[in-house]
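*Asks:* Any chance you can model this:
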Amino acid sequence: MENSSVIREILRENGRRNNEVYAPFNPITGKGSVGERTEVVIDGFPLHAQYLPVEMQAIPLVKRLIKYGSLDAFLQAMGSKEEDYEFDRQKAIQQFVRLRIRYDFPFWAAMFVYIKNKGGGEDVLFRLTRPQRRFVERLERLRKAEKPIRIVLLKARQWGGSTTSQIYMAWLQLVHKVGLNSLIIAHQGAGSDEIKDMFDRMINSYPVEMLHKINENYSENEPKLVGVGKSGSIHRVPQRNCKIKIGTAERPDSCRGGDYNLVHLSEVGLWKVTEGKKPEDIVRSACSGVLYRPYTMIVYESTANGTGNFFQKEYDDAKKGVSQFEAMFVSWFDIEQYSIPVSNPEEFAAWLYKNKDNGNVSSSREESGRYLWWLWEKGATLEAINWYIQERAKYTEHGMMASEYPSDDIEAFVHSGARVFDRYKVEKLRPSCRMPRYVGEVYADADDGRNALKNLRFRVDNQGLLHVWELPEIDEKEAVTDRYLTVVDIGGRSNKADFSVILVLDRLFQADGGKPVVVAQWYGHIDIDLLAWKAAQIAAFYDNSMLVIESNTLETHDKERQVDGDQSQFILNQIKDVYPNLYARKQSEEDIREGLPKKYGFHTNVATKPMIISTLIKVVREGLYTERDGRCLDEYLCYEKKPNGAFGAIVGKHDDLLMTRAIGLHICFFEMDVPKFVSRITSYKPKRKRAVSAATI
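*Replies:* Residues are numbered from 1 along each chain as shown. Got it, this is the predicted structure:
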């Protein structure tokens, strides 16, 4: 495609993105608002045309109004008398509004909720911004599905995520259910003061009649918020029989939960760990009483603040889908205010495209053209990228900018070391990642001992830990030498330890100059003796492939890894007499002369680790293998060279998948012969004859 055509396509796409960012949004009419909506026209209403949530159409009153098409026709059908017409008209409108505010949070907020005007001046009604609408979409999806709301929100600064959480909780309290109590915990005292001020503004301006049922008696002067106790941190809305408690992470006693249904924890990533006060302890105390049922809500919300802390771990687990929570990320370019018009869009687009592969920068206060093009590929508009260029000049390091304005949830968690892998090259491996074809385990006549390799078969089991992208290809007449390679990275048994990984690579395509491919992977926690036999079974299942056991936990190396000591010799002793195709390190001439025994397993030490990491850097840079598991690519992006010169994962992350690739790919390219096709009967004798069954697949 010629450059001029590319530029025109960029400009067309930019127009489409801007139309999406600045799409019409009117919370009063409902046009462009949250959720699925249908246009409804009712003559005689203050709003002639409204875009109502589809759920409202099942309500009898709404169905009748839609049926008759006008308020007059509806009232006539209901038998309204002429002298009562105006009263009945106002009552019908009031009933309709009461119904709509239950189904339409943006409408309720824009009609009745006043907040502080950031630009100064009088308070303003709360109209959701684009990222706030995205957040409410997520909250509403869970509420409408009658699920507990559990979200970990990782965000860029200054878009009102905290405000949205608190006002949404107030909506549940003031509109939906009587007796819902809320607990809000801020980072520090100033934050709790702002939260209290926000709630005061909202409740002071909130119509008292909206706290009561229609036709219920009330006084215009009745209190809407009263203190509870002497602490000053608990208040009650008497009309809704609900409490609002506000505490701070600086004072753990103020964070104790109780009979609470809705909990919002603000800026959790900034909560400090001190003696006797860890963020997880505060969270446990605050949330332990919240039942797992509909119309309960817990939101952990924060900007990122380094790695290895409670908030990062919670976000990672939510992203993996292993906790009660859902993960949500809001980047800086999701926020419409971070945008500066481009004076010459065609020239800017041409410059951006021309420098898309340029990794050079002239100062520490700018990003490379390659990074800016990556922002375009992530979905940023040209105007947003222009803003980023201007804002980046404030900061001397990318990490400082990323902590305030992250572009994705990987770079949000800033770390101190230097990234080992080029993120752009890593992302080029991602298109080949996919869900496994099968999930299960390899089984045999026994779990250990000599019968552990007899009658091997794969059984599909959704609770299994072996992910299979390609089953072994075994021809009874023809064999491929050195085709499969199995690598084991030893972790620990507990859930807090590093994972054990068994990786299988298929080297078939290397026979024609192609790439090795990840075809299977076991990933989990297991007792060491069982890991030994599991590895032998998987290696044997893949045509008696070479089995490489890593010695990965020397006292002088990898001190940060959470494993159970160097267990490689234990594993080798378990299986060496049963599984013959074990990897052995090359012996020196002196060792051979002295008749020393072979040393089995790949020994990771201060000499070999830089070597295999260098190989992996080259393989990733040049795309020399095919990856299937996207989690491994995430490990590449979180791998660093630390200030002391050692390689390792950033605090709070793992490198178990990465290490199997580093060892396996180094052996693939430098220590194994090129695969060859030979006669299995006359020229090639497999290490051990075995039966492979696919009947259970």
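*Asks:* Dump the C-alpha coordinates for the helix or strand containing residue 40 into PDB.
*Replies:* Applying DSSP states H and E as the criterion places residue 40 in strand 37-41. Extracted C-alpha coordinates of strand 37-41, given in PDB (Å, rounded to 0.1, in the frame of the first residue of the first chain):
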ATOM      1  CA  ARG A  37     -32.000   1.200  24.900                       C
ATOM      2  CA  THR A  38     -35.100   1.700  22.800                       C
ATOM      3  CA  GLU A  39     -36.500   5.000  21.500                       C
ATOM      4  CA  VAL A  40     -39.900   5.700  23.000                       C
ATOM      5  CA  VAL A  41     -42.100   8.600  21.900                       C
END
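*Asks:* quick one: strands adjacent to that strand?
*Replies:* Sheet pairing for strand 37-41, assigned by DSSP bridges, gives strand 49-53 (antiparallel).
*Asks:* Name the nearest residue to residue 293, sequence neighbours excluded.
*Replies:* The shortest distance from residue 293 to any non-neighbouring residue, by CB to CB, 6 or more residues apart in numbering, is to residue 148 (6.0 Å). Glycine gets a C-beta too; all of them are placed from N, C-alpha and C.
*Asks:* repeat for residue 110
*Replies:* Nearest to residue 110 is residue 27, by CB to CB, 6+ apart, at 3.9 Å.
*Asks:* wait, the one you found sits on residue 107?
*Replies:* Yes: Residue 27 lies in contact with residue 107 (CB atoms under 8 Å); the separation is 5.5 Å.
*Asks:* Need the residues that contact the helix or strand where residue 352 lies.
*Replies:* Here residue 352, judged by DSSP H and E, is contained in helix 345-354. Here helix 345-354 makes contact (CB atoms under 8 Å, 6 or more residues apart in numbering) with 3, 6-7, 10-11, 14, 342, 369, 372-373, 376, 382, 385-386.
*Asks:* To be precise, which single item in the residues you listed has the lowest pLDDT?
*Replies:* Within these, residue 3 has the lowest pLDDT, namely 82.
*Asks:* okay, now it: neighbour count?
*Replies:* 10 (other CB atoms under 10 Å).
*Asks:* of the contacts of helix 345-354, buried ones?
*Replies:* Using 16 or more other CB atoms under 10 Å as the burial test, these include 7, 10-11, 14, 342, 369, 372-373, 376, 382, 385-386 as buried.
*Asks:* okay, those residues in a markdown table with distance to residue 94 and secondary structure next?
*Replies:* Listed next are the buried ones among the contacts of helix 345-354 as a markdown table, based on distance: CB to CB, whole Å; DSSP: H, G, I helix; E, B strand; the rest coil:
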| residue | distance to residue 94 | secondary structure |
| --- | --- | --- |
| 7 | 56 | helix |
| 10 | 51 | helix |
| 11 | 50 | helix |
| 14 | 46 | helix |
| 342 | 49 | coil |
| 369 | 59 | helix |
| 372 | 53 | helix |
| 373 | 55 | helix |
| 376 | 50 | helix |
| 382 | 47 | helix |
| 385 | 48 | helix |
| 386 | 48 | helix |
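*Asks:* re earlier: contacting residues around the residue nearest to residue 293?
*Replies:* 142, 292-294, 296-298, 324.
*Asks:* Tell me which two in the buried ones among the contacts of helix 345-354 are the farthest apart.
*Replies:* Within the buried ones among the contacts of helix 345-354, two members stand farthest from each other by CB to CB: 11 and 369, at 18.0 Å.
*Asks:* Tabulate the buried ones among the contacts of helix 345-354 (CSV), appending distance to residue 135.
*Replies:* As requested, those are arranged in CSV below (distance: CB to CB, whole Å):
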residue, distance to residue 135
7, 35
10, 30
11, 31
14, 25
342, 28
369, 33
372, 27
373, 29
376, 25
382, 26
385, 24
386, 26
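*Asks:* Helices of the stretch 101-250 of the chain, start to end?
*Replies:* Ranges of helices in the stretch 101-250 of the chain, per DSSP state H, counting those that start in this stretch, are 105-112, 130-144, 161-171, 189-205.
*Asks:* Residue 277: which of those is closest?
*Replies:* helix 189-205 (15.1 Å).
*Asks:* Just the C-alpha atoms of that closest one, please, in PDB.
*Replies:* Below are the C-alpha coordinates for helix 189-205, written out as PDB (Å, rounded to 0.1, in the frame of the first residue of the first chain):
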ATOM      1  CA  GLY A 189      -7.500  11.900  56.100                       C
ATOM      2  CA  ALA A 190      -7.700  14.400  53.300                       C
ATOM      3  CA  GLY A 191      -9.300  11.800  51.100                       C
ATOM      4  CA  SER A 192     -12.000  10.900  53.700                       C
ATOM      5  CA  ASP A 193     -12.700  14.600  54.100                       C
ATOM      6  CA  GLU A 194     -13.300  15.000  50.400                       C
ATOM      7  CA  ILE A 195     -15.600  11.900  50.400                       C
ATOM      8  CA  LYS A 196     -17.600  13.300  53.300                       C
ATOM      9  CA  ASP A 197     -17.900  16.700  51.600                       C
ATOM     10  CA  MET A 198     -19.100  15.000  48.300                       C
ATOM     11  CA  PHE A 199     -21.800  13.000  50.200                       C
ATOM     12  CA  ASP A 200     -22.900  16.200  52.100                       C
ATOM     13  CA  ARG A 201     -23.300  18.100  48.900                       C
ATOM     14  CA  MET A 202     -25.200  15.300  47.300                       C
ATOM     15  CA  ILE A 203     -27.600  14.700  50.200                       C
ATOM     16  CA  ASN A 204     -28.200  18.400  51.000                       C
ATOM     17  CA  SER A 205     -29.400  19.100  47.500                       C
END
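*Asks:* Which strands or helices does it pack on?
*Replies:* Applying 3 or more CB pairs under 8 Å, 6 or more residues apart in numbering; DSSP states H and E, one finds that helix 189-205 makes contact with strand 114-115, helix 161-171, strand 182-186, strand 242-248.
*Asks:* give the contact list for residue 530.
*Replies:* Applying CB under 8 Å, 6+ apart, the residues contacting residue 530 are 447-448.
*Asks:* What helix or strand is it located in?
*Replies:* Using DSSP H and E, residue 530 falls within helix 528-541.
*Asks:* moving C-terminal of that helix, what's the next helix or strand?
*Replies:* Downstream of helix 528-541 (by DSSP H and E), the next one is strand 546-551.
*Asks:* ok and that following strand relative to helix 528-541, angle-wise?
*Replies:* Orientation check (axes from the mean of the first three to the mean of the last three CA atoms, to 10 degrees): strand 546-551 against helix 528-541 gives 150 degrees.
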